[in-house]
Every structure is written in C-alpha cells, then in structure tokens.
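Visitor: Sequence and predicted structure are below.
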Amino acid sequence: MPQFTSINWPIGCTLAIVALVLLAALFAATEAALSNVSRYRLRSQARLGSHPARRTEKLLQRADQLTGAILLCRTIANILAASLTAVLALQLGGAWLMAAAAAILIFVVLVFADALPKTLGTLYAELIALRMSWICSILVRTLQPIVWAIDTFARGLLRTLGMSAPAGTVTTLALDGLRAANSDARIDTRSHQRMLASILDLQSIRVEDIMIPRSEIAAIDISDDWDTILEMLRTTPHTRLPLCEENLDNIIGIVHMKKVAHSLAHGDISREALLQLAQEREAYFVPEGTALDIQLQNFQRDRRRIALVVDEYGDIQGLVTLEDILEEIVGEFTSDPSTLHKDIHREANGSYVVSGTINVRVLNRTLGWSLPTAGPRTLNGLILEYLEDIPEPGTGLKLGDLSIEILQTSENAVKTARIRPIRVAEGVTGDG
C-alpha cells in the first residue's frame, strides 16, 4: 500500500469526506423535495411562465430516470466517503481507528446525509425542488446511459432468476402514481381525466382557497327592519342562509328556505318563527387550513352542506359549501354551458369585465386561465399585491399572459377590471 507522507493529505482527505457527505445530503433532500412537491402549484406556476416550475414538471414526467440519477449520485458519494474514511483511518491509526471511523461515519451518514436532509426536503419541498431542478436536468441527461445500463442489467438478472420487473420501476408516492395513470389512461373524454385529476388535487387545496369571503356572505340580520328581511327571503337565490343578530359574529343558526317557503307564500311567517327555525339548525364551523378532501368527508359524515370558516381566534372569515367543493371537481353548475359566472361579463372584443371580489380559483376554472392561487384569493387581492398600492382607474398591468385594466376602484379596493388575454389584445391591435 502506498505511503502518504505529505502533512496536507489528511486535511485534504478530511475535507473531501465532508464534501461527499454534504453532497449525499443534498441529493437526499432533493429526492424528498421532488417526491413531496405539490404538482398542482407547479402546474399553476408553469402556466404563468416560471421556467424552474416548467423544468421541474418535465423532470417529474421522467420520474424513473430522475430517481435513478439521484440514487446513483447518492450511492457514489456515500461509497467514496466510506472509502476515503477507511484509507485515512488506516494510514493514521491502523485497524482499530478504521473500525471507530466506520462507526462514526455510519452515524453521520444516517443522521446528516439521510434523515435530516429528507426532513428538510419535505418541509421545503417547493423551494428545494425548484432550486435543484437545473442540476437534476443536467444529471438526468448526463447519466441517462449509465442509468439505462444498470436498469437493463438488473432486469436481465431478475429474468435469469425467474422473476421479472417492468422497465423503469420506481417507488413513488401513491397519489403521483395515480395522477400518472390518469394521464395515460384511455378515458373517453378529457373532462373525465380533468375530473379525476381534480379529485386527487383536493388534498392540496384548503377551504379558505375557495370560500366566499366574509364581506360577500349573504346573511339575514334578525335585527333589521321586518320588510327588509321579508324582501331578502323572497329574492334570495340560496337554499340556506345564516341568521345572525347585528353581525356575523353573533350567529344564531341556519335557515333552510324549504321550511320557510310555505309560510312565506301564505304571509304568516313571523320574526319569532324565523328565530325558532334558525335555532333548530345550529351553525357549522370549520377551521382555516382544512383540506378539501377532509372537508368533503366531514360534510358527508355530519350531513351538512354549508360551513362557516373560522380563524385561530374563532372569528368568521368566510363560508364554504358542498357545492363549492363539487365545483372544484366537475366545474361550474349551470343549465346553460354558455353562461358565465355572475361576476364575469364577456365583451364583444374578447375581453372580460370582472368584479374585483371574484375568487381567483373560480376565475381560473371558469375561463381556463392560470392566475396564481398560492397568495391572495380574490382578483382585488391579486392586483393589490402586484401593485403594492390602491390603483387609479385606467391603470394597466400584466399578469402572466393576461392584460388587466382597472375600471373602477373604491377607497381601499378594486371594484371592476377589464381583462384581455394577450393574444386577443395583440390581435385587436393588429387589426386596427
């Protein structure tokens, strides 16, 4: 065995071992991040033009090659670290030091190159996945022949032993596998595929993402003038209405219009009777942060169709209904396919006049757009976050492939805006 006489060699070897352990940790964190990143958020960001999101999406479409390349790099880093540790320990102290160094390295690799980075990769999945996507793209392209050769050899060995495995077999999250199966399945219509994908994505959407904000909740105030209450009962399009006293924080119960309709038609409904009907059905509250798949099960378990969303202090933030969740799966409920949402009005030139209070998710779902849904939940909030100011009427901005012109504002909000897809706007300009 060669003798290493330079005093710098142990230091250099130690630094190399540390670098290899850190490299293995980086690959472990990346693997965990790519396995846990939300594909729903990736798709939304990719449609808005995010190059890292698009790159990450493409990588996840080649999950077998991606996982093979990462595992290959991790394995090489760990083996090299172990080999250098053995050589260094043997040169400095002999067999007894080599045994101690091996035990220390096992602990370091398990904790600092596996458990800890995988936890960080899960906690910061989106950040790490996007940042590492360009490195992973290079690795996948560079190592593809080696990964293919190893996979081919392994499958050939399995066949020799009387076993078989499909090409590119990779252990991935069950939901990701279902999404991939849905994309590849021979389903009659694309609407069925979109519906199945929406069901799988319910776990990544929270009730506050689709709720009707507090300021937009239609509720009966029992302290109002009786004629005002009667007018609301006669004209409301809703089948269930919260009943409160003075404000929503004093909820009395939920009024089912089916129980009121007969008395209302005969003119014998009274304030006391309305109160009694509301008290028969207590309000149903759900906390912010509840995933839609969980809330759908809760609605079914509790036989409810409407819930008030509350924050950590118990203050009402909005209202979510069973219909809202079902629309996330199947789209808007309407008897006329050409009918748009009540807050969206199509113009002859292809643009849309939209209320600032509309939920961004509803806007995306109705018009097939890809406005970001990770931040503000309303169009008004999205515009204010982008401009960081209350805009004047006539102000224009660009979000993704959409051109937005502010039409009306109040003291603290955007009331209406005109939105044009860029391609439509360019087409109109070109014709002019």
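Guide: Here it is on my side, so go on. Model, not experiment: these values are computed from the prediction.
Visitor: Do me a favour and get the end-to-end distance for stretch 295-310?
Guide: The separation between the terminal residues of stretch 295-310, taken as C-alpha to C-alpha, to the nearest Å, is 14 Å.
Visitor: Which residues does that stretch contact?
Guide: Contact partners of stretch 295-310, identified using C-beta atoms under 8 Å, 6 or more residues apart in numbering, comprise 202, 207-208, 211, 240, 242, 248, 251, 254, 283-288, 290, 316-323, 325. All C-beta spots, glycine's among them, are computed from the backbone N, C-alpha and C.
Visitor: Next up, the contacts around residue 46.
Guide: Contact partners of residue 46, counting by C-beta under 8 Å, 6+ apart, are 53, 54, 57.
Visitor: returning to what we had before: quick one: which of the contacts of stretch 295-310 sit in helices?
Guide: When these are checked against helices (DSSP state H), the matches are 207, 208, 322, 323, 325.
Visitor: out of these, which are buried?
Guide: A residue is treated as buried here by neighbour count (16 or more other C-beta atoms under 10 Å); on that basis the buried members of the ones in helices among the contacts of stretch 295-310 are 207, 208, 325.
Visitor: ok, residue 125 touching residue 29?
Guide: No - Residue 125 is not in contact with residue 29 according to C-beta atoms under 8 Å; the separation is 9.5 Å.
Visitor: hmm, back to that, and the contacts of residue 46 as a markdown table, adding secondary structure and neighbour count?
Guide: Below are the contacts of residue 46 laid out as a markdown table (DSSP: H, G, I helix; E, B strand; the rest coil; neighbours: other C-beta atoms under 10 Å):
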| residue | secondary structure | neighbour count |
| --- | --- | --- |
| 53 | helix | 22 |
| 54 | helix | 16 |
| 57 | helix | 17 |
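Visitor: Looking at these, spot the one nearest residue 10.
Guide: Residue 10 has its nearest neighbour among these in residue 53, at 44.6 Å by C-beta to C-beta.
Visitor: Not counting residues beside it along the chain, what's closest to the closest one?
Guide: In this structure, residue 53 finds its nearest non-sequential neighbour in residue 45, 3.8 Å apart by C-beta to C-beta, 6 or more residues apart in numbering.
Visitor: Could you export the helix or strand the one you found falls within as PDB, CA atoms only?
Guide: Element membership for residue 45, per DSSP states H and E: helix 39-47. Output in PDB follows, covering the C-alpha atoms of helix 39-47 (Å, rounded to 0.1, in the frame of the first residue of the first chain):
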ATOM      1  CA  ARG A  39     -47.900  19.300  -8.600                       C
ATOM      2  CA  TYR A  40     -50.900  21.500  -8.500                       C
ATOM      3  CA  ARG A  41     -48.700  24.500  -7.600                       C
ATOM      4  CA  LEU A  42     -46.100  23.500 -10.100                       C
ATOM      5  CA  ARG A  43     -48.700  23.400 -12.900                       C
ATOM      6  CA  SER A  44     -50.000  26.800 -11.900                       C
ATOM      7  CA  GLN A  45     -46.600  28.400 -11.800                       C
ATOM      8  CA  ALA A  46     -45.500  26.800 -15.000                       C
ATOM      9  CA  ARG A  47     -48.600  28.200 -16.800                       C
END
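Visitor: List the buried residues in it.
Guide: By neighbour count on 16+ other C-beta under 10 Å, the buried set for helix 39-47 is 39, 40, 41, 42, 43, 44, 45, 46, 47.
Visitor: what do you get for stretch 258-276?
Guide: Along stretch 258-276, the positions that meet the burial threshold by neighbour count (16+ other C-beta under 10 Å) are 260, 269, 274, 275.
Visitor: ditto for stretch 80-100
Guide: Neighbour counts using 16+ other C-beta under 10 Å place 80, 81, 82, 84, 85, 87, 88, 89, 91, 98 of stretch 80-100 among the buried residues.
Visitor: right, and the fourth one touches residue 21 too?
Guide: No - using C-beta under 8 Å, residue 84 is not in contact with residue 21; the gap is 10.4 Å.
Visitor: quick one: low-confidence parts of this structure?
Guide: 1-7, 40, 164-197, 332-340, 423-432 (pLDDT under 70).
Visitor: now the strands for it?
Guide: Assigned by DSSP state E, the chain shows strands spanning 212-213, 220-221, 240-245, 247-256, 285-287, 306-310, 316-321, 344-346, 352-355, 396-399, 402-409, 414-421.
Visitor: Need the residues that contact the fifth one.
Guide: The reference is to strand 285-287. Identification of contacts with strand 285-287 by C-beta under 8 Å, 6+ apart yields 207, 295, 298, 307, 308, 309, 310, 311, 312, 320.
Visitor: repeat for the longest one
Guide: Residues external to strand 247-256 that are found in contact with it (C-beta under 8 Å, 6+ apart): 214, 217, 219-222, 239-245, 274-275, 277-284, 306, 308, 315-316.
Visitor: Pull out the buried members of those residues.
Guide: With burial judged by 16+ other C-beta under 10 Å, the buried subset of the contacts of strand 247-256 is 214, 217, 219-222, 240-244, 274-275, 277-278, 281, 283, 306, 308, 316.
Visitor: ok so, going back, from the buried residues of stretch 258-276, which ones fall inside helices?
Guide: By the criterion of DSSP H, membership of these in helices covers 260, 274, 275.
Visitor: For residue 217, see how far away the first one is.
Guide: This means residue 260. According to C-beta to C-beta, to the nearest Å, residue 260 stands 18 Å off from residue 217.
Visitor: cool, the last one as well?
Guide: Distance, residue 275 to residue 217, using C-beta to C-beta: 19 Å.
Visitor: For the closest residue to residue 391 other than its chain neighbours, which residues are in contact?
Guide: Spatial nearest neighbour of residue 391, excluding adjacent residues (C-beta to C-beta, 6+ apart): residue 406 at 4.8 Å. In this structure, residue 406 makes contact with 383, 391, 392, 393, 394, 395, 396, 414, 417, judged by C-beta under 8 Å, 6+ apart.
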